[in-house]
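**Q** what follows is a predicted protein model with its sequence.
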Amino acid sequence: MDGKQKSIFIRFNMDNRADKELYLKLSEGADDSASLTAYVKKVLEEYFSLNIKIADRQEFHNQMLVAVREEVQVQGMKLVGALLAGIGSGNIPVQQLSTVQNEQRETILPEACEELPDGLSGVLDLIS
């Protein structure tokens with residue numbers, strides 16, 4: 001054997017259940033192949049190719065998660081900025097309530113609102 005060829009020798013212990021099962025699987029699969037050695041090479045190549053594909057898919061999945069998280073964060077910040085800009089410029093109607101005990105005035109927000117105040121009507125346009 002010259003320097004360009006390498007060999008590997010595998011011994012299966014037929015008294016060992018795992019070794020015996022592996023050998024039987026290999027020999028059953030090699031029925032169509034020219035030799036058991038050629039079949040083992042093919043199985044090993046498929047195994048390593050599959051592992052590379054799985055690793056590539058996991059990397060793609062991780063990259064997609066990062067991109068989605070960044071986009072959600074950007075869109076969330078746009079929404080917060082638009083809402084803050086709208087709140088600062090809008091005239092939100094508030095009700096004044098005077099308490100009899102303290103004679104102080106408290107500001108309360110309305111419980112329900114049918115539509116956005118005039119200052120906030122363009123907020124949705126800013127974030128889309």
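**A** The structure has been received and is ready for your questions.
**Q** can you give me the buried ones in the helix or strand where Ala18 lies?
**A** Assigned by DSSP states H and E, Ala18 falls within helix 17-29. For helix 17-29, the neighbour count (16 or more other CB atoms under 10 Å) marks Tyr23, Leu26 as buried. For the C-beta atoms, the positions are set from N, CA and C on the backbone; glycine is no exception.
**Q** and it, what does it pack against?
**A** For helix 17-29, the elements it packs on are helix 36-89, judged by 3 or more CB pairs under 8 Å, 6 or more residues apart in numbering; DSSP states H and E.
**Q** tell me the angle the helix holding Ala18 makes with helix 36-89.
**A** Orientation check (axes from the mean of the first three to the mean of the last three CA atoms, to 10 degrees): helix 17-29 against helix 36-89 gives 100 degrees.
**Q** dump the C-alpha coordinates for helix 17-29 into CSV.
**A** In CSV, the C-alpha atoms belonging to helix 17-29 read as follows (Å, rounded to 0.1, in the frame of the first residue of the first chain):
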residue,chain,number,x,y,z
ARG,A,17,-24.9,-7.6,21.5
ALA,A,18,-24.2,-4.1,20.2
ASP,A,19,-21.3,-5.2,17.9
LYS,A,20,-23.4,-8.1,16.6
GLU,A,21,-26.4,-5.9,15.8
LEU,A,22,-24.2,-3.3,14.1
TYR,A,23,-22.5,-6.0,12.0
LEU,A,24,-25.8,-7.6,11.0
LYS,A,25,-27.2,-4.1,10.0
LEU,A,26,-24.1,-3.5,7.9
SER,A,27,-24.2,-6.9,6.2
GLU,A,28,-27.9,-6.6,5.5
GLY,A,29,-27.5,-3.2,3.9
